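> Coordinates for the following, if possible.
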Amino acid sequence: MEKIDFKKTLKHLYQPSVKEIVRVDVPEMNFLMIDGEGNPNNSKSFSDAIEALYSVSYTLKFMVKKGEMGADYGVLPLEALWWADDMSAFTTGNKDAWKWTIMVMQPEFITREMLKEAMETVAKKKKPVSLPLVRFEAFKEGKAAQILYIGPFSEEGPTIEKVHQFIEDNGSHRIGKHHEIYLNDMRRVAPEKWKTIVRQPMS
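Below you'll find the model as predicted:
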């Protein structure tokens, strides 16, 4: 059984350069999502949401592998959209005011019926607190600028500023929400080796 690696088939979206900012056109894709707010470093709702998303995502993966499709694929990395009612919260460090949508992309063959079955299975086995908050939604980002950043989140600022400057230099404007994609398991990798795709939608 061949395993589908969406990080390779969607290489331009999930394997950007660490050396230069590039423009991409992000098509509509389906995601499992959970919304929340608060400091991600100490918010139980944030960690609960991650647990629920991955519980459902892996259940879907094994359903597909054991089902009629007989297909296997790697679960996609965690992604997050970030914003605040007052965007100065990002420069003042007031993380309690941050709002977020965390999400995991799903292959196009995943249906709402399959999701319902997966959520029922997860509810019986694990019952993660945030399971009722999981939603299935199509999300299209369109034109965006992105780059791969390596290092701790505390030093990410200059990279984000470079992305914003790139957009301005190209005669465009920032639209939508700040988007990050976390390529490795932060629990198992040292902060200086964390790989984060920094993406910003643009007009």
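
> Let me see the contact set for Gln106.
Met29, Asn30, Phe31, Leu32, Ser57, Leu60, Leu76, Phe136 (CB atoms under 8 Å, 6 or more residues apart in numbering). C-beta coordinates here come from the backbone N, C-alpha and C atoms, glycine included.

> Quick one: residues contacting the fourth one.
By CB under 8 Å, 6+ apart, the residues touching Leu32 are Leu53, Val56, Ser57, Met103, Val104, Gln106, Leu115, Val134, Arg135, Phe136.

> what does the second one give?
Listed by CB under 8 Å, 6+ apart, the contact partners of Asn30 are Met105, Gln106, Pro107, Glu108, Ile110, Phe136, Glu137, Ala138, Phe139.

> ok, and the most crowded of those?
Within the contacts of Asn30, neighbour counts (other CB atoms under 10 Å) peak at Gln106, which reaches 24 neighbours.

> so which of the contacts of Asn30 comes closest to Leu81?
Phe139 (8.8 Å; CB to CB).

> Now the spatially closest residue to that closest one that is not a sequence neighbour: phi and psi?
Among residues not flanking Phe139 along the chain, Phe31 sits closest, at 5.4 Å (CB to CB, 6 or more residues apart in numbering). The phi and psi values for Phe31, taken as degrees, to the nearest 10, are phi -130, psi 150.

> who touches stretch 111-120?
Leu32, Val56, Thr59, Leu60, Met63, Val64, Leu131, Val134, Phe136.

> farthest-separated two in those residues?
Using CB to CB, the contacts of stretch 111-120 reach their maximum pairwise distance at Val64 and Leu131, which is 19.6 Å.

> Can you tell me which residue is spatially central in this protein?
Central residue of the chain (CA atoms, centre = their mean): Glu79, 1.0 Å from the mean position.

> Would you agree Ala84 is in contact with Lys95?
No. Contact criterion CB atoms under 8 Å: Ala84 and Lys95 do not qualify, at 9.3 Å.

> who has more neighbours, the two?
Ala84 (18 against 15).

> Please tell me how far the more buried one sits from Ala49.
Between Ala84 and Ala49 the distance is 18 Å, computed by CB to CB, to the nearest Å.

> before we move on, back to that, could you list which of the contacts of Gln106 belong to helices?
Among the contacts of Gln106, the members found in helices (DSSP state H) are Ser57, Leu60.

> residues contacting the nearest residue to Pro201 once chain neighbours are set aside?
Computed as CB to CB, 6+ apart, the closest residue to Pro201 that is not its neighbour in sequence is Gly176, at 3.5 Å. Listed by CB under 8 Å, 6+ apart, the contact partners of Gly176 are Leu81, Glu141, Gln200, Pro201.

> Phi first, then psi, for Glu37.
phi -150, psi 160.

> Closest one to Leu183 out of the contacts of stretch 111-120, please.
Leu32 (17.9 Å).

> Does that closest one have any beta-bridge partners, and if so which?
Val104, Phe136 (DSSP bridges).

> pLDDT at it, what is it?
Looking at Leu32, its pLDDT reads 98.
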